[in-house]
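**Q** Model the following, please.
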Amino acid sequence: MKTLAAFTAAMLLAGVAHAQSAPVDRYIHAGKMIDRPGQSPRGASTIAVKGGKIVGVYDGHVTPLGEAPVIDLKDRTVLPGLIDSHVHLSSDRAGQEGLLAGFTESKQMGAYEALWNAQKTLMAGFTTVRNLGDGGATLALRDAIARGWVSGPRIVDAGMGISTTSGHGDQRLGIVEELHEAVGAANLCDGVDECRKATRAQIGRGADVIKIATTGGVNSRIGAGLGKQMFDEEARAIVETARLYGRKVAAHAHGADGIAVALRAGVDSIEHGTLIDDESIALFKKSGAYYVPTLSTVNGYLERIARDPAAYPPEVRAKIDWRITITGKALERAVPAGVKIAFGTDAGVSKHGRNADEFELLVKHGLTPMQAIQAATVNAADLLGLSKEVGSIEPGKSADIIAVSGDPLNDVKLLKSVGFVMRAGVVHKGP
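**A** Here you go, the predicted structure:
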């Protein structure tokens, strides 16, 4: 243990006031620390936390100042809180089950389901998420978590996704026409003017980020394939409008033609990106956009089909079977080409609380464990525009800290068993 005098000197050199004038809330003793993923890990370390922020990071297990408690993680590997860049908190039920729930359960019940899923996500070590589209419950949940009314991860929310008529986001697809009015056609746009208006509508609702669909989707209840479903001028109108209001844009895109539409328009991330080609890679490199692979959707599909072979209608099942066979191939092309990767699961298709399943698939298809962790911390923070707040363990950032037993750089699957979770200085799991 370092002496009190040595620690006081270290605090002063780091610009942190003495405990008598600025007491620290608590200290964390880490056995090993991946404080800035992508850089060399540290050995035994101490983190000082005050008011929900990290105020100091020091080598060794220093002697605390004052009477602040110490969280003993000397037998653990400590990391920044993880970030999932693609979730849908409003449901854990896809396929026919999810469709039925939309007609039989109230919006109030949906809000509680979103809270339940958010809490499962937090307990899995994901302290920040980007929620990419739902009916609106998570906008309120985002604010309730920020106020401290309920526990959950920090939420960056897209409100409702923007799609074209009969595109991936048209909720009327596969439903008899007599019920279309009841389902509604919210936030669909056809043509430049409508797409600008749809973007402004979500910003007006309080969306932090804009989500668009430039191609068909695997779960779309229509046999229209996974190719382009939005014209260049429509996508460009959405991105230009989002930029006016300082918003980033995430694009659901599977087919290469729709990926190109989105990247030419200037989106910040491609979600899924199943059919990346040479043109896609060139556009990724030119624009600096992130690729969010969402590989663990396959786990959700396989598990639901194992439980119920009729979980999906035939037109969806055919796309799922194809998606399973091609999963990871795009990542295998993107990684050696130097495309930037951010972690995202599409949880809601896969199970909330099991977000870390994605790590194993990322490593299987081309990332090292350190690169996978970097995708879920430093890279995801950059994508979400939160690099000054989260993504690493550094003074001035939010005290979002997790810990696991063992070394995830040797076995990335250890991140499926996070034993300690702190968000903004509050311990939600562990000692």
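
**Q** For stretch 157-168, measure first residue to last.
**A** End-to-end distance of stretch 157-168: 19 Å, with C-alpha to C-alpha, to the nearest Å as the criterion.

**Q** now swap in stretch 124-144 and tell me
**A** End-to-end distance (C-alpha to C-alpha), stretch 124-144: 20 Å.

**Q** For the stretch 201-350 of the chain, just list every one of the helices.
**A** 232-244, 256-265, 278-287, 297-307, 314-326, 329-337 (DSSP state H, counting those that start in this stretch).

**Q** Equivalent analysis for the stretch 51-200 of the chain, please.
**A** 95-104, 107-123, 137-146, 180-183, 192-205.

**Q** how is this structure carved up into domains?
**A** 4-81+392-429, 82-384 (automatic domain parsing).

**Q** Please work out which of those domains is packed deepest.
**A** The highest mean neighbour count among these, using mean count of other C-beta atoms under 10 Å, belongs to domain 82-384: a mean of 21. Every C-beta, even on glycine, is put in place using the N, C-alpha and C of the backbone.

**Q** quick one: Thr377 and Arg154, what's the gap?
**A** Distance of Thr377 to Arg154, computed by C-beta to C-beta, to the nearest Å: 13 Å.

**Q** what residues do the two have in common as contacts?
**A** Listed as contacting both Thr377 and Arg154 by C-beta atoms under 8 Å, 6 or more residues apart in numbering are Val390.

**Q** so who does the spatially closest residue to Glu389 that is not a sequence neighbour touch?
**A** Excluding its sequence neighbours, the residue lying closest to Glu389 (C-beta to C-beta, 6 or more residues apart in numbering) is Ser398, at 5.3 Å. Contact analysis of Ser398 by C-beta under 8 Å, 6+ apart lists Gly52, Lys53, Ile54, Gly81, Arg154, Glu389, Val390, Arg423, Ala424, Gly425.

**Q** which ones are touching the second one?
**A** To tie it back to what came earlier, the one meant is Lys53. By C-beta under 8 Å, 6+ apart, Lys53 lies in contact with Pro395, Gly396, Lys397, Ser398, Ala399, Gly425.

**Q** and if you look at the last one?
**A** Taking C-beta under 8 Å, 6+ apart as the definition of contact, the neighbours of Gly425 are Asp25, Arg26, Val49, Lys50, Gly51, Gly52, Lys53, Ser398, Ala399.

**Q** Filter those down to the ones in strands?
**A** Secondary structure from DSSP state E places Arg26, Val49, Lys50, Lys53 of the contacts of Gly425 in strands.

**Q** Specify the beta-bridge partners of Val404.
**A** Beta-bridge partners for Val404, by DSSP bridges, are Thr77.

**Q** so how far is Val78 from it?
**A** 9 Å.

**Q** Residues that sit against both of the two, list them.
**A** Residues touching both Val404 and Val78 (C-beta under 8 Å, 6+ apart) are Phe420.
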